[in-house]
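1. Coordinates for the following, if possible.
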Amino acid sequence: MARYELLNNVAHKDLRVITRFGHELGDQLAVLPAFPSEYAELQREYPIFLRRHRDSGEWQSVALLGFERDENLFLQGDRWNASYLPGAVAKGPFLIGFQEQQVDGELRQEPVIHVDLDHPRASFSEGEAVFTAQGGHSAYLQHVISVLRGIRDGTEMTQPMLAALDACGLIQPFAIDVQLDETHRVNVGGLYGIDRDKLAALDAQALHQLHQAGYLEGVYLMLASMHNVRRLMAEKQRRLRQQQAIADTAEQAP
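-> Below you'll find the predicted structure:
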C-alpha cells in the first residue's frame, strides 16, 4: 500500500532515495507508462505502443521493456542498460498532487509534490539526499521536479492526442509473435500501434489538424520507435543463450 505525504523539509529532512536498480526496487516491469513529452527520448531505445486502460477503456501509451510478465530486458543486475531513463522510473517515489492555495487573493488548485514513504526506493539510511543540510532542494530533487513537470505536461496531452488519432482511424492492433529459437517463442497481445497505410491515406486537412494540435510529431516518433522491438528480441535471445550455456555447464560438472 502506498503511504503518500506532502513533501516538506521538516518531516522529511533526512529522506533519501535509492537510485540503483533491481528486482527488489520494483524495476522488474514489462511495460511502463510513456508520456508524449518524452517520446523523442524514448524512441531512440524503447518501442512505444498504445493499449487500453483495463478499467476506463481510455487509450494510454506505454514503453515495452520485455515480452513476458515482470520481464525487464533493460535491467542488468543493478544497472539500467539505456542512456535514457523513462520518467515513470526516474520520478522515484514522488508524484504531483494538488492543494488549494491562496494565489492573488483567489483559491486555486496548485501543484505540490507528494512522496510515497512505502515506496521501495524511499529510505532514511541510503541513497541520494532529497534536501540539503540547510533545508533547500538537493540537486537530485531539482532533477525529480523537472521529471515531474514533464510527466504532468505529457499526461495533459495524452488523452486528447490519442483520442484524435483514434478518430482518424490511425490506431491498429499490433501483435508480437516471433520464434526466438528452436524452443522459445514470444507472443504479446493487447498492444496497438500506428497504421502506416492509414496515415499515408489521410487527406491534407486531417494531417494539418494533427500538425496544428502538435500530435503529428508524436505519431512519427511512435512509428520510429518500432525498430527497437528488434533490439529487445536480440537481448532476449542473448539471455536465452546465456541461460542455456549455464545449464550446459552445470550438466557437465562432475
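2. Which pLDDT value belongs to L180?
-> The per-residue pLDDT reported for L180 equals 87.
3. What strand or helix carries the residue nearest to it when sequence neighbours are not counted?
-> Of all residues not flanking L180 in the chain, Q237 sits nearest, at 5.3 Å (C-beta to C-beta, 6 or more residues apart in numbering). C-beta coordinates here come from the backbone N, C-alpha and C atoms, glycine included. Under the criterion of DSSP states H and E, Q237 resides in helix 228-252.
4. now what about that helix, what contacts it?
-> With C-beta atoms under 8 Å, 6 or more residues apart in numbering as the test, helix 228-252 has contacts from 43, 45-47, 64-67, 73, 176, 178, 180-181, 184, 186.
5. if you set the cut-off to 10 Å instead, what comes out?
-> The contact list for helix 228-252 (C-beta atoms under 10 Å, 6 or more residues apart in numbering) reads 42-49, 63-68, 71, 73-74, 76, 81-82, 174, 176, 178, 180-181, 183-184, 186, 188, 193.
6. give me the beta-bridge partners of A122?
-> Here A122 sits in beta bridges with V17, as judged by DSSP bridges.
7. Quick one, grab the pLDDT at L95.
-> We have a pLDDT of 94 for L95.
8. Next one: the residue nearest to it when sequence neighbours are not counted relative to D153, how far apart?
-> Among residues not flanking L95 along the chain, H114 sits closest, at 5.5 Å (C-beta to C-beta, 6+ apart). Here H114 is placed at a distance of 18 Å from D153 (C-beta to C-beta, to the nearest Å).
9. Between those two, tell me which one has more neighbours.
-> Legend: neighbour count by other C-beta atoms under 10 Å for H114 and D153, higher for H114 (17 against 14).
10. List the contacts of the strand or helix carrying the more buried one.
-> When elements are assigned from DSSP H and E, H114 belongs to strand 106-116. With contacts defined as C-beta under 10 Å, 6+ apart, strand 106-116 is touched by 1-8, 11-12, 15, 17, 91-103, 122, 130, 137, 141, 144-145, 148-149, 152.
11. Can you list the strands that it pairs with?
-> strand 4-6 (antiparallel), strand 94-103 (antiparallel).
12. can you give me the helices for the stretch 151-254 of the chain?
-> All helices of the stretch 151-254 of the chain, identified by DSSP state H, counting those that start in this stretch, fall at 196-201, 204-212, 216-224, 228-252.
13. Same list (those) but as CSV, adding mean neighbour count and mean pLDDT.
-> Output for the helices of the stretch 151-254 of the chain, formatted as CSV (neighbours: other C-beta atoms under 10 Å; pLDDT from 0 to 100):
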stretch, mean neighbour count, mean pLDDT
helix 196-201, 12, 96
helix 204-212, 13, 96
helix 216-224, 18, 97
helix 228-252, 13, 88
